[in-house]
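> sequence below, structure please.
(chains A and B)
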There are 2 protein chains.
Amino acid sequence: MDRAEAEQRDAADPLFPLRDRFLLPDGLIYLDGNSLGALPAAVPERVARTVTEEWGVDLIRAWNARDWVGLPRRVGARIARLIGADPDSVMVCDSTSVNLFKLASAAIGMRPSRRKIVTDAGNFPTDLYILAGVAERHGLELVVAEPGDVLASIDGDSALVALTQVDYRTGDRYDMGIVTEAAHRAGALVLWDLAHSAGAFSVAVGDADLAVGCGYKYLNGGPGAPSFIYVAPHLQERFDNPIRGWFGHARPFAFDVEFEPVAGIDRTRVGTPHILSLAALDAALDAFEGVDMGAVTEKSQELTSLFMDLVESRLGRYLTIVTNGDPERRGSQVSLTHPQAFSIVSALIERGVIGDFREPDVARFGFAPLYVRHVDAYDAVEALVRVMSGREFEDPRHAVRRVVT
Amino acid sequence: MDRAEAEQRDAADPLFPLRDRFLLPDGLIYLDGNSLGALPAAVPERVARTVTEEWGVDLIRAWNARDWVGLPRRVGARIARLIGADPDSVMVCDSTSVNLFKLASAAIGMRPSRRKIVTDAGNFPTDLYILAGVAERHGLELVVAEPGDVLASIDGDSALVALTQVDYRTGDRYDMGIVTEAAHRAGALVLWDLAHSAGAFSVAVGDADLAVGCGYKYLNGGPGAPSFIYVAPHLQERFDNPIRGWFGHARPFAFDVEFEPVAGIDRTRVGTPHILSLAALDAALDAFEGVDMGAVTEKSQELTSLFMDLVESRLGRYLTIVTNGDPERRGSQVSLTHPQAFSIVSALIERGVIGDFREPDVARFGFAPLYVRHVDAYDAVEALVRVMSGREFEDPRHAVRRVVT
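Predicted structure coming up:
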């Protein structure tokens, strides 16, 4: 495998033209779309229009004239296609953490006699914190299993099984169907965090009860983009939102004194939607228009395989690949471990290759299939070879910790 | 009083030049800043820069390089000045409804043996819904008093007194000091919703324990701008956030498995901040730079008095003014009632005067002191006289209800 071969793969890649739907800085190899997705080309103009025309000129009238009220649901319906969900079952609102809180609290209310929530130790910290908080407030036990022991930890006392499909550190991916089926067999509900899934490969929520996901990773909605929330159609009428805000009311603008939850997925809503952030996410989803998610999965697997093969053959003695070798068992991410992983990532950034570091020793590389090229994967390994062979990571500058790692 | 006199008052108004800090459509009289504030001139460029330079070029590095992590607190410190609070006691995050939920839940935890939350029937519906939900989940009683009976409803079993300072419908304003003192005398905590206060006149949180406010009304942060949350310094260490997200952790990027709340006001945070919306709010606050809030109060009282006097003298037989005649007992808003209030507001909008309608019969007019002129108040009454004398509100077009009223 040489660079020419990577170029040939790009030439043959049906998704290659999608890169033009993004504004990427020249010369930068961006492998951190799993933390903050790149800027889609449609966003700046849309946000500017929302600010100057909708807000600036229409002012309060825009709530009707521009249907700001319906925006969270319209954006949700666009995300629904990417996760194989019914368009009327996805809402965009609040942050992922707040949505996890709503879902976990509501799930417990649907299984009132059960005393356990099951999760895994590799779950993203905010998921663990939210779940632990919800469990504590309701007097339940949070069972934190090792990823391999999750299935064995589900029993007749489990109210909810809450997992992130793709492990943020290792990149390993659960088979959602298997876990969902096991949870249902035990009578438990299942909640999937799709933060590292939606937009990265083809997702099928299938029989899952509840799901949540991130707007700013592979969906490219911008820093702190609102999150999406999924409630299976048959559970929506039983969804009791623990945070009863006016946008979850049947008639928000009737200003009733008594709360009456609206029907359907709208009852996951709480407060006034963050219109500017939502407009950015809506425009960002233009990048997925007409895109076959099966082809996205295929490219994700090609890019990660290419990167893993090259790391293995050229750097296998120095770095450990922790991500699963089976493409069906990993997300669109490859994680390498090394005692100096932080400094290695820092040295790579100086070389124009952006990945990130996760405690304690993980160098993490995300491959967003819409804008990452095969040559990017190739060049990233080339840069990594130089960082390792030149021991650039030993430069003390690269040991300086920042606030966000 | 004629138009020339209104013009003279504008000429003598020390705040008149602040209008240039806003981008207002020509010919429009905008009296709905209490619902959605006008677009500040600094916002479009700042939002565009945040999108194209910070997100588009710096990408993930912007979290450090642009201190996105510190943005919610920096914006909070700017709002702190407007409400007379310690700069380290205000955070900007989530929606007003979500923040109310956090504050009310935490307050109850600080008064565990008490069984009541006291509010008033005029409180904004989302406040009533959130408080009722929190009370129900904790087995407390929500006492909904008439505004005049609030003080008498506070007793030794009251955990929390939660009120909105300015009534969204009538425009009447509580004396925060009197209620706060009465609550404290009874051993209760007090939570103020400053949605219609912050930015409209000089606010002093004083001895209040908790407060929340809206970013998109008189602070002009744009549709669905994040909300602000205040916790008195001496209570911050006892604030137990019911939604335990990673941004409320002592070390969010250490990715600890156990939740350890951060010290200070940061523990009110939950998920990843909505950076685009926050950047807009930050830029919007430039409009308050160097502005004496005492002068803002004075102008608020002048504008509302002018409007009320003219309505009384010219239309007193047709419309009822429900807002308090004492300038110290009202917000920056005047409310009129009429059985056809909806159609009257609609006919006014056609004449280029934007107010809004609130069920069942209220026509509501907000006077944002930074950009509303004395001639606007005068011209609005002129238009209202024509709507009433020409019975324009009887045109069936003006009876057509919209989604958002």
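
> near chain B, which residues of the stretch 101-250 of chain A are found?
Proximity of the stretch 101-250 of chain A to chain B, by Cβ under 8 Å from any Cβ of the partner chain, involves residues A:101, A:121, A:124-126, A:128-130, A:132-133, A:137, A:144, A:169, A:216, A:222-227, A:242-247, A:249. Any C-beta I mention is one placed from the backbone N, CA and C, and that applies to glycine too.

> over to A:Tyr205. Which of the three states is it?
Quick fix: residue A:205 is Val, not Tyr. Following DSSP: H, G, I helix; E, B strand; the rest coil, we place A:Val205 in the coil state.

> give me the nearest residue to it, chain neighbours excluded.
Distance criterion Cβ to Cβ, 6 or more residues apart in numbering or on different chains; nearest residue to A:Val205, sequence neighbours excluded, is A:Ala85 at 4.9 Å.

> ok, that neighbour - contacts?
Each residue near A:Ala85 by Cβ atoms under 8 Å, 6 or more residues apart in numbering or on different chains is listed here: A:205, A:211, A:230.

> ranges for the helices of chain A?
A:3-12, A:43-49, A:62-65, A:71-82, A:96-110, A:125-138, A:150-153, A:176-185, A:275-284, A:293-315, A:341-350, A:374-389 (DSSP state H).

> and the longest one, what's buried?
Neighbour counts over helix A:293-315 (16 or more other Cβ atoms under 10 Å in any protein chain shown) mark A:293, A:296-308, A:310-311, A:314-315 as buried.

> same question for the fourth one.
Neighbour counts over helix A:71-82 (16+ other Cβ under 10 Å) mark A:71-73, A:75-80, A:82 as buried.

> related to what we said a few turns ago, need the winner for burial among the helices of chain A.
helix A:275-284 (a mean of 28; mean count of other Cβ atoms under 10 Å in any protein chain shown).

> check which helices and strands that helix sits against.
Contacts defined by 3 or more Cβ pairs under 8 Å, 6 or more residues apart in numbering or on different chains; DSSP states H and E place helix A:275-284 against helix A:43-49, helix A:71-82, helix B:275-284.

> can you redo the ones you listed as a markdown table with mean pLDDT?
Formatted as a markdown table, the helices and strands packed on helix A:275-284 follow (pLDDT from 0 to 100):
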| stretch | mean pLDDT |
| --- | --- |
| helix A:43-49 | 98 |
| helix A:71-82 | 98 |
| helix B:275-284 | 98 |
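
> closest to B:Gly56 out of those?
Smallest distance to B:Gly56 across the helices and strands packed on helix A:275-284 (Cβ to Cβ): 7.7 Å, for helix A:43-49.

> now the closest one - C-alpha only, PDB.
The C-alpha trace of helix A:43-49 is given here as PDB (Å, rounded to 0.1, in the frame of the first residue of the first chain):
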ATOM      1  CA  VAL A  43     -24.200  26.500   7.600                       C
ATOM      2  CA  PRO A  44     -22.700  30.000   7.500                       C
ATOM      3  CA  GLU A  45     -25.300  31.400   5.100                       C
ATOM      4  CA  ARG A  46     -28.200  29.700   6.900                       C
ATOM      5  CA  VAL A  47     -27.100  30.900  10.300                       C
ATOM      6  CA  ALA A  48     -26.600  34.400   8.900                       C
ATOM      7  CA  ARG A  49     -30.000  34.400   7.300                       C
END
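
> who does that helix touch, helix- and strand-wise?
In terms of contacts (3+ Cβ pairs under 8 Å, 6+ apart), helix A:43-49 is packed against helix A:275-284, helix B:43-49.

> need these in TSV (columns: distance to B:Ala383).
Shown next, in TSV, are the helices and strands packed on helix A:43-49 (distance: least, Cβ to Cβ, whole Å):
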stretch	distance to B:Ala383
helix A:275-284	29
helix B:43-49	28
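
> those: which one's closest to B:Glu350?
Checking those against B:Glu350 by Cβ to Cβ gives helix A:275-284 as the closest, at 25.0 Å.

> now do the closest one: distance to the chain's middle.
Distance of helix A:275-284 from its chain centroid, counting by Cα atoms, centre = their mean, to the nearest Å, is 16 Å.

> turn the helices and strands packed on helix A:275-284 into CSV, columns for distance to A:Trp63.
Listed next are these as CSV, based on distance: least, Cβ to Cβ, whole Å:
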stretch, distance to A:Trp63
helix A:43-49, 16
helix A:71-82, 10
helix B:275-284, 16
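
> those helices: which one's closest to B:Ala347?
Once those are compared by Cβ to Cβ, helix A:71-82 is nearest, at 28.4 Å.

> ok, the closest residue to A:Pro252 other than its chain neighbours - contacts?
Distances taken as Cβ to Cβ, 6+ apart place A:Trp246 nearest to A:Pro252, at 4.8 Å, with adjacent residues excluded. Residues in contact with A:Trp246 (Cβ under 8 Å, 6+ apart) are A:252, A:271, B:97, B:124-126, B:129.

> and with 10 Å instead?
Applying Cβ atoms under 10 Å, 6 or more residues apart in numbering or on different chains to A:Trp246 gives the contacts A:252-256, A:259, A:269-272, B:95-97, B:124-130.

> swap in A:Glu260?
Contacts for A:Glu260 were tallied using Cβ under 10 Å, 6+ apart; they are A:244, A:248-251, A:254, B:129.

> 8 Å instead, please
A:249-251.

> any idea how far the residue nearest to the spatial centre of chain A lies from A:Gly177?
With distances taken as Cα atoms, centre = their mean, A:Ala195 lies nearest the centre of chain A, 2.0 Å away. A:Ala195 sits at a distance of 19 Å from A:Gly177 (criterion: Cβ to Cβ, to the nearest Å).
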